[in-house]
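K.L.:
give me a 3D structure for the following:
(chains A and B)
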Protein chains: 2
Amino acid sequence: MSTPQPETKAEAESLVPRFKLERVLNQDQNGRRISLLGSIADMPALITLERAAFPTEPELVSLLLKSLINTTNLGANDIYRWYLANRSTESSSSATGVLSASSATSSLSIIPDFKLNLIYPCSAQHIRKYSAQRVRMVTETPHIYSTHIKPYITGQRAAGRLDWVFNILEGRTEQEDVIARVDWDSPSNTGFLLLPDLNWDRKTVEGMHLLALVQRRDIWSLRDLKKKHIPWLKAMREQIVAAATAKVFPPGQVEADEVKCYLHYQPTYYHLHVHVVHAMLEAGTTQSVGKAFGLGNVIAQLEGMQGDEEAGMHEVDLHYFLGEENDLWKKCFGQLKKGGAVDLNL
Amino acid sequence: MSTPQPETKAEAESLVPRFKLERVLNQDQNGRRISLLGSIADMPALITLERAAFPTEPELVSLLLKSLINTTNLGANDIYRWYLANRSTESSSSATGVLSASSATSSLSIIPDFKLNLIYPCSAQHIRKYSAQRVRMVTETPHIYSTHIKPYITGQRAAGRLDWVFNILEGRTEQEDVIARVDWDSPSNTGFLLLPDLNWDRKTVEGMHLLALVQRRDIWSLRDLKKKHIPWLKAMREQIVAAATAKVFPPGQVEADEVKCYLHYQPTYYHLHVHVVHAMLEAGTTQSVGKAFGLGNVIAQLEGMQGDEEAGMHEVDLHYFLGEENDLWKKCFGQLKKGGAVDLNL
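P.N.:
So this is what the prediction gives:
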């Protein structure tokens, strides 16, 4: 018997077209990877197919843009336009110019390969927003918090930046979006309302992302949580989980142990709100260590904390990251780093 | 003057091919989204191009597979093979079969659109591994930890599962990978060594992902950290940051405030190790709340904790997520949920 010859590249390549799909096992990486079970010559085979990363070399990016076809406009709002597209197999010269969607007689138009957004004309602010923003880790000591950050938060609140939150709480705006009001106007102060997060499509169960806005107005952030709030926080956490399992989808779709609750520090606005997501939600920056603090773990930290009922999160170091464009970096932590003067209330 | 007519879809579509690239502003979502600055008719324009999600309907997935062309084998190891590919613009019937890489006279072969892995023949274990795994949030109380989890960890260690770690620590294996040994054999027990994480390509600065394995062997996980360890942890954290900025890349490439340190709970193996990443690293599951605990915040939690020097993380509730295939779910938390008997040492 002869030793089996190693498979050639051509042989390896000839296997792929013979793959017969049986079922999709999984889809992840924001839908850009799928794992497929099937067979080749009656033996089980598993294919993982993923979208490749883009090149970043300008010549290749230009080549890629030139090869776009079936560029189909889905909608527009003022200077913002969004499209779907595919790529041509033709050489780039002949693919230049617009091929209308009707020329796509193949499977291409059924399965778009690209999403494209165009902002035209765009401003300097757009360019800043879409540029890579560096982030920095900072240590916010209790002293930095009380000296710089808390006065900054007070200023933000005084400047009317929370009017939109109060409008929702008081029923003046976005009422059609409110999923539930729980324990509203309760003397125990446990009231909150549940809204869909803007980034959720409001349909996908495993993508569920809600915000619980508390009714009380004396808790501005994680930093205001104290030992005396433990019973309130525990009751609210239970009620948030109950509402997220009962009020969003038909009962049974989301179980209590599929709900993850966390707080952001720094948050985007200074009125306490809890992020409530499906445990299967793809973890991105919003859930990242250095920004997201698990609600259950914050409660546990308070429970173990020394001191009386007034002891709390204002007394601990918090480590988190900030974008360099954030005012807290530019006017506070970046200044502290280079020995400059902090002035957050410019 | 007449009111300007709203832009038609055809007009919106005609803008895209006129875009002249000036520069790439950003690349994110694991390289699958790029933001491009350029101009159209001498006015600034901004395009965001992203790879679309795959369909999951079996008919569409089959159609997609049939349209793959330029399927180029990059390598193979036993039953594992990996490829790059593009899609054909031809109707799916004519694209069936293998087009050799040499038929790609266009820009396609320069810019692959897909990565494809084939496992053939595959086993039931492969199928399980690549299937969607549900995750569950659990609350590990101090009681559950001491009764079930700690004995489980003891069993894991006794079973020789850490031999590979001890081999690295003792210099028997993977020495070519060790980036630095810091404070080795120090009487203060602060020693650790720095290794690249398997998921890092060892080149990309902003993708930097290291592991710091501590030299001491009495700390098995986050749960073993006590108030008495605060000075050790603080010194080690500083030294980890110093080594990550000085020993991996030429000085100046990574600054101290670009280094993020965190611990996993549950970790993959029970010998304390710190994840050390660049603050710009794309945040995925490894950094996710409910798994990643910021080292600085754990130290702060210990500092604020009531009790004497022996007080520590074994006394707090920990909230985290587990895959349903994890033994800790199957034999412990899943059992507790349904009122079954816990037996982790089967």
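K.L.:
quick check: longest helix of chain A.
P.N.:
Determined from DSSP state H, the single longest helix within chain A is helix A:230-246.
K.L.:
by contact count, what packs against that helix?
P.N.:
Helix A:230-246 makes packing contacts with strand A:180-182, strand A:192-196, strand A:209-214, strand A:259-264, strand A:273-278, helix A:295-303 when contacts are defined by 3 or more C-beta pairs under 8 Å, 6 or more residues apart in numbering or on different chains; DSSP states H and E. C-beta here means a position set from N, CA and C on the backbone, and glycine is covered the same way.
K.L.:
what strands flank the shortest one, and is each parallel or antiparallel?
P.N.:
Based on DSSP bridges, the pairing partners of strand A:180-182 within the sheet are strand A:192-196 (antiparallel).
K.L.:
same check, this time on the fifth one
P.N.:
Based on DSSP bridges, the strands next to strand A:273-278 in the sheet, each with its direction, are strand A:209-214 (antiparallel), strand A:259-264 (antiparallel).
K.L.:
okay, those strands, which one's buried deepest?
P.N.:
strand A:259-264 (a mean of 23; mean count of other C-beta atoms under 10 Å in any protein chain shown).
K.L.:
tell me if A:Thr147 really is in a helix.
P.N.:
Yes. The assignment for A:Thr147 by DSSP: H, G, I helix; E, B strand; the rest coil puts it in a helix.
K.L.:
show me what contacts it?
P.N.:
A:Val342 (C-beta atoms under 8 Å, 6 or more residues apart in numbering or on different chains).
K.L.:
tell me how far it lies from A:Leu60.
P.N.:
A:Thr147 sits 50 Å away from A:Leu60, going by C-beta to C-beta, to the nearest Å.
K.L.:
again, but for A:Gln175
P.N.:
A:Gln175 is 49 Å from A:Leu60, by C-beta to C-beta.
K.L.:
ok so, going back, of all the helices and strands packed on helix A:230-246, which one comes closest to B:Arg216?
P.N.:
With C-beta to C-beta as the measure, helix A:295-303 is the member of those nearest B:Arg216 (25.3 Å).
K.L.:
report the buried residues of that closest one.
P.N.:
A:Leu295, A:Gly296, A:Asn297, A:Val298, A:Ile299, A:Ala300, A:Gln301, A:Leu302, A:Glu303 (16 or more other C-beta atoms under 10 Å in any protein chain shown).
K.L.:
what does stretch A:333-346 give?
P.N.:
The neighbour-count check on stretch A:333-346 (16+ other C-beta under 10 Å) flags A:Phe333, A:Gly334, A:Gln335, A:Val342, A:Leu344 as buried.
K.L.:
equivalent analysis for stretch A:276-295, please.
P.N.:
Of all the residues in stretch A:276-295, those buried under the rule 16+ other C-beta under 10 Å are A:276-284, A:286-295.
K.L.:
go on, stretch A:49-56?
P.N.:
Buried residues in stretch A:49-56, counted by 16+ other C-beta under 10 Å: A:Leu49, A:Glu50, A:Arg51, A:Ala52, A:Ala53, A:Phe54, A:Pro55.
K.L.:
okay, and which of these map to helices?
P.N.:
Short answer: those have none in helices (DSSP H).
K.L.:
want to throw those into CSV with pLDDT and distance to B:Gln239?
P.N.:
Below are the buried residues of stretch A:49-56 laid out as CSV (pLDDT from 0 to 100; distance: C-beta to C-beta, whole Å):
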residue, pLDDT, distance to B:Gln239
A:Leu49, 96, 43
A:Glu50, 94, 38
A:Arg51, 94, 40
A:Ala52, 91, 39
A:Ala53, 88, 34
A:Phe54, 93, 38
A:Pro55, 90, 39
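K.L.:
of those, closest to A:Arg33?
P.N.:
Checking the buried residues of stretch A:49-56 one by one against A:Arg33 (C-beta to C-beta), the nearest turns out to be A:Glu50, at 4.0 Å.
K.L.:
now do that closest one against A:Ala243, distance only.
P.N.:
36 Å.
K.L.:
what residues does the particular helix or strand that has A:Val165 in it touch?
P.N.:
Taking DSSP states H and E as the criterion, A:Val165 maps to helix A:163-169. For helix A:163-169, contacts defined as C-beta under 8 Å, 6+ apart pick out A:Thr173, A:Glu174, A:Gln175, A:Val178, A:Leu193, A:Leu195, A:Leu213, A:Gln215, A:Arg217, A:Tyr269, A:His271.
K.L.:
so which bits of the stretch 101-250 of chain A are right by chain B?
P.N.:
Within the stretch 101-250 of chain A, the positions near chain B by C-beta under 8 Å from any C-beta of the partner chain are A:104-108, A:110-123, A:126-127, A:130-132, A:134-139.
K.L.:
okay, and which of those residues map to strands?
P.N.:
Among those, the members found in strands (DSSP state E) are A:Phe114, A:Lys115, A:Leu116, A:Asn117, A:Leu118, A:Ile119, A:Val135, A:Arg136, A:Met137, A:Val138, A:Thr139.
K.L.:
tell me, how many neighbours does the third one end up with?
P.N.:
By that I understand A:Leu116. Using other C-beta atoms under 10 Å in any protein chain shown, A:Leu116 has 24 other residues around it.
K.L.:
name the nearest residue to it, sequence neighbours excluded.
P.N.:
Spatial nearest neighbour of A:Leu116, excluding adjacent residues (C-beta to C-beta, 6 or more residues apart in numbering or on different chains): A:Tyr83 at 4.4 Å.
K.L.:
quick one: contacts for the one you found?
P.N.:
By C-beta under 8 Å, 6+ apart, the contact list for A:Tyr83 reads A:Thr71, A:Thr72, A:Asn73, A:Leu74, A:Lys115, A:Leu116, A:Asn117, A:Leu118, B:Ala12, B:Glu13, B:Val16.
K.L.:
okay, now the domains of chain A?
P.N.:
A:1-52+A:113-132, A:58-109, A:133-338 (automatic domain parsing).
K.L.:
which of the ones you listed comes out lowest on mean pLDDT?
P.N.:
For the domains of chain A, mean pLDDT drops lowest on domain A:58-109, to a mean of 74.
K.L.:
just to revisit the earlier point, got a markdown table for the contacts of A:Tyr83, with distance to A:Asn326 too?
P.N.:
Shown next, in a markdown table, are the contacts of A:Tyr83 (distance: C-beta to C-beta, whole Å):
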| residue | distance to A:Asn326 |
| --- | --- |
| A:Thr71 | 36 |
| A:Thr72 | 37 |
| A:Asn73 | 35 |
| A:Leu74 | 32 |
| A:Lys115 | 28 |
| A:Leu116 | 29 |
| A:Asn117 | 24 |
| A:Leu118 | 27 |
| B:Ala12 | 34 |
| B:Glu13 | 37 |
| B:Val16 | 33 |
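K.L.:
contacting residues for A:Val214?
P.N.:
A:Gly191, A:Phe192, A:Met236, A:His271, A:Leu272, A:His273, A:Val274.
K.L.:
run the last query once more with 10 Å
P.N.:
A:169, A:189-193, A:232, A:236, A:240, A:271-274 (C-beta atoms under 10 Å, 6 or more residues apart in numbering or on different chains).
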